[in-house]
Every structure is written in structure tokens, then in C-alpha cells.
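# Fold the stuff below for me.
(one chain, ligands or ions: 1)
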Amino acid sequence: MRTPVIAANWKMNLTIDEAVTLAQKITTSTADIADKEIILFPSFLQIPAVSDIIKNTNIGLGGQNVYFEGIGAYTGEIAGYQLKDAGCTHVLIGHSERRHYFHEDYETVNKKILQALACNLKVMLCVGESLEERENGVTEMVVVDELESAFQDVGINKLQELYIAYEPIWAIGTGKTATPKDANHVHKIIRKTLTRIFNEEAAGQMRILYGGSVKPDNIKSLMQQEDIDGALVGGASLLLESFLSLVNYNR
Ligand code: PEP
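Numbers count the residues shown, from 1 in each chain. Purely as a prediction, here's the structure:
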């Protein structure tokens with residue numbers, strides 16, 4: 001059994017006060033939820049304050065990015081050990097907004113994963129195709145390439161520390177979602193690829209989340225799919241009510 005994961009990517013939104021208020025309300029309202037894993041990805045400046053709020057809960061806390069070098073003269077970057085020091089348990093790597101706006105290539109994503117794991121952070125790797133790639137019928141190729149390059153030199157002993165978020169780029173923040181069946185099809189390809197890269201047992205245990213305009217009215221049908229183990233949510237995670245209905249999709 002894979003415990004479902006509902007993860008909130010707050011991106012570059014909210015003031016520290018707003019993040020604190022939202023995190024406090026999420027913490028109180030989800031105190032009795034034991035059948036899901038909840039992870040919050042606030043912006044860097046909000047992490048220490050959110051960390052104070054969620055400590056002594058089961059809520060995970062992650063950075064939205066990390067640099068691939070360990071320490072030193074890299075002005076403007078954030079190191080894995082600093083995320084850990086600020087209370088993070090997780091980090092998001094390879095989000096399509098990082099790959100596209102900040103030109104993060106396969107090698108960069110791989111180096112970031114290796115660095116994050118070395119710092120004992122759990123990694124949520126985002127993969128997914130663009131609209132053009134989907135229309136050209138190369139979704140599978142893109143996703144397989146992203147997985148193979150990202151996990152180069154990642155040891156099998158690290159697998160419990162990895163999550164995958166399948167996020168078709170054309171569905172992020174657009175209001176368009178992959179149909180549950182289409183999304184599940186890609187999730188199956190991802191699991192098959194993980195089986196090839198690692199092994200069947202490990203791949204069977206890894207959580208593969210779907211992301212891309214997940215909302216209270218579509219989460220249930222997505223989560224009913226065999227290989228969809230959770231949701232990575234942007235827009236709908238910024239409002240308490242909608243985030244709570246996502247967390248409570250099966251209640
Ligand atoms: C995301 O950015 O990870 C995301 C899925 O965003 P949204 O839910 O807004 O599409």
C-alpha cells in the first residue's frame with residue numbers, strides 16, 4: 001500500500017504572515033489525518049516560520065529548489081544543508097518552471113538530486129511533456145529521458161527518499177488537466193521505467209504524484225487511478241478551503 005501524498009507548491013506567492021496563517025490553519029485542520037502524507041513547499045523566506053508551525057506534526061516541509069554544490073561562493077543560491085538546517089525534510093527538483101525559465105538541463109537536475117540526497121533531503125522529482133511534445137507523440141520518450149538522466153548514479157538504497165511528480169507542462173496553471181486515464185497511462189510508464197532503472201519492488205513502493213490544475217472537483221477521479229498516488233498542487237494549494245478539500249478527497 002502506498003500512502004497518498006498531497007503536496008502544496010506555493011511557488012513565489014504569499015508574504016511571510018500569509019504563509020504562517022495558512023500553515024497554522026492547515027496544521028490545525030489536518031491534525032487528525034493519518035491516512036495521507038502532506039508536504040508544504042513554501043518559498044525560501046517562509047521556510048523557518050513554517051518550520052516552527054509544523055514541528056511536532058507529520059507535515060513535511062520542502063524547498064522549491066536547491067543548488068547542486070555543497071557550500072561556498074555561489075551568490076544567491078541555497079544549499080541542501082541550509083534547507084535541512086532551516087527545518088526542511090524535502091526538496092522539489094526539476095519543476096518545469098525551473099527547467100524552462102531557468103534553463104535547468106538534465107545534468108543540472110541530476111546533480112541537484114545527488115546533492116539533496118547527500119544532505120538527507122527527500123526529493124520530489126518533476127517530469128512531464130510540453131504540449132508540442134504531446135502532440136508529436138513523444139510523451140513517453142520525454143518522460144523516460146527525464147527519469148533516466150535524473151537518476152544517474154542514484155543508489156537503490158535512496159529509493160525511499162524519492163517521489164516522482166508527473167506534471168504535463170500544458171496542464172500547469174492552465175485549468176487543463178490530463179484525463180485520469182491518460183495520466184494513469186503515463187504513471188504506468190513511469191513505474192515501468194523505475195522498475196528498469198531500479199527494481200520492481202522499489203518501483204512498486206515509490207509514490208508517483210500527478211500535478212497540473214488539480215482542483216477539488218477533479219482530484220477524486222485522478223486518485224481513483226491505480227498508479228496515481230497523490231497530487232502536487234500549485235494554485236489550489238494557496239487557499240485553505242480548496243487545499244483542505246484536496247486533502248480530504250476521500251472523506
Ligand atoms: C505545479 O506548479 O506544480 C502545479 C501543478 O501547479 P497548478 O496546480 O497551479 O497547475
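# In this protein, what residue lies closest to the ligand?
Nearest residue of the chain to the ligand (CB to the nearest ligand atom) works out as residue 234 at 2.3 Å. For the C-beta atoms, the positions are set from N, CA and C on the backbone; glycine is no exception.
# number of nearby residues for that residue?
For residue 234, the neighbour count with other CB atoms under 10 Å is 22.
# my read: it touches residue 11, true?
Yes. In this structure, residue 234 sits in contact with residue 11. The criterion is CB atoms under 8 Å, and the distance is 6.0 Å.
# From residue 154, how far off is residue 123?
Taking CB to CB, to the nearest Å as the criterion, residue 123 is separated from residue 154 by 9 Å.
# Against residue 85, how distant is the residue nearest to residue 233 when sequence neighbours are not counted?
Closest residue in space to residue 233, ignoring its immediate chain neighbours: residue 214 at 4.9 Å, by CB to CB, 6 or more residues apart in numbering. Here residue 214 is placed at a distance of 31 Å from residue 85 (CB to CB).
# Go through the helix ranked longest in the chain and flag the buried ones.
Counting residues, the longest helix found in the chain (DSSP state H) is helix 180-197. For helix 180-197, a neighbour-count test (16 or more other CB atoms under 10 Å) marks 180, 183-187, 189-191, 193-194, 197 as buried.
# which helices and strands sit right next to the very next helix or strand once past that helix?
Proceeding C-terminally, helix 180-197 gives way to helix 200-205 as the next helix or strand, assigned by DSSP states H and E. Using 3 or more CB pairs under 8 Å, 6 or more residues apart in numbering; DSSP states H and E as the contact test, the elements touching helix 200-205 are helix 180-197.
# is the helix it packs on anywhere near the ligand?
No. Contact of helix 180-197 with the ligand (CB under 6 Å from any ligand atom) is absent, the minimum separation being 12.0 Å.
# For the residue nearest the centre of the chain, which non-adjacent residue is spatially closest?
Residue closest to the mean C-alpha point of the chain, counted by CA atoms, centre = their mean, is residue 124 at 4.3 Å. The spatial neighbour of residue 124 that comes closest, neighbours along the chain excluded (CB to CB, 6+ apart), is residue 163 at 4.4 Å.
# Pull out the buried positions in stretch 239-251.
Under the neighbour-count criterion of 16+ other CB under 10 Å, stretch 239-251 has 242-247, 249 buried.
# okay, those in a markdown table with distance to the ligand next?
Compiled in a markdown table, these are given as follows (distance: CB to the nearest ligand atom, whole Å):
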| residue | distance to the ligand |
| --- | --- |
| 242 | 10 |
| 243 | 11 |
| 244 | 15 |
| 245 | 14 |
| 246 | 10 |
| 247 | 14 |
| 249 | 14 |
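# among those residues, which are in helices?
Cross-referencing the buried residues of stretch 239-251 against helices under DSSP H gives 242-247.
# Out of these, which comes closest to residue 52?
residue 243 (19.6 Å; CB to CB).
# circling back: looking at residue 123 and residue 154 now, which is surrounded by more residues?
Neighbours per residue (other CB under 10 Å) separate residue 123 from residue 154, with residue 123 holding more: 26 against 19.
# What pairs with the host helix or strand of the more buried one, parallel or antiparallel?
Counting by DSSP H and E, the element that carries residue 123 is strand 122-127. Strand 122-127 has the following sheet partners, assigned by DSSP bridges: strand 90-93 (parallel), strand 162-166 (parallel).
# circling back to that earlier point, thinking the residue nearest to residue 124 is in contact with residue 207, fair?
Yes. Under the criterion of CB under 8 Å, residue 163 is in contact with residue 207, at a separation of 4.9 Å.
# need the residues of the stretch 151-251 of the chain near the ligand, please.
Checking the stretch 151-251 of the chain against the ligand by CB under 6 Å from any ligand atom, the hits are 167, 172-173, 211-214, 232-236.
# how about a cut-off of 5 Å?
Along the stretch 151-251 of the chain, the residues adjacent to the ligand under the rule CB under 5 Å from any ligand atom are 172-173, 211, 213, 232-235.
# Kind regards, and thank you for your time.
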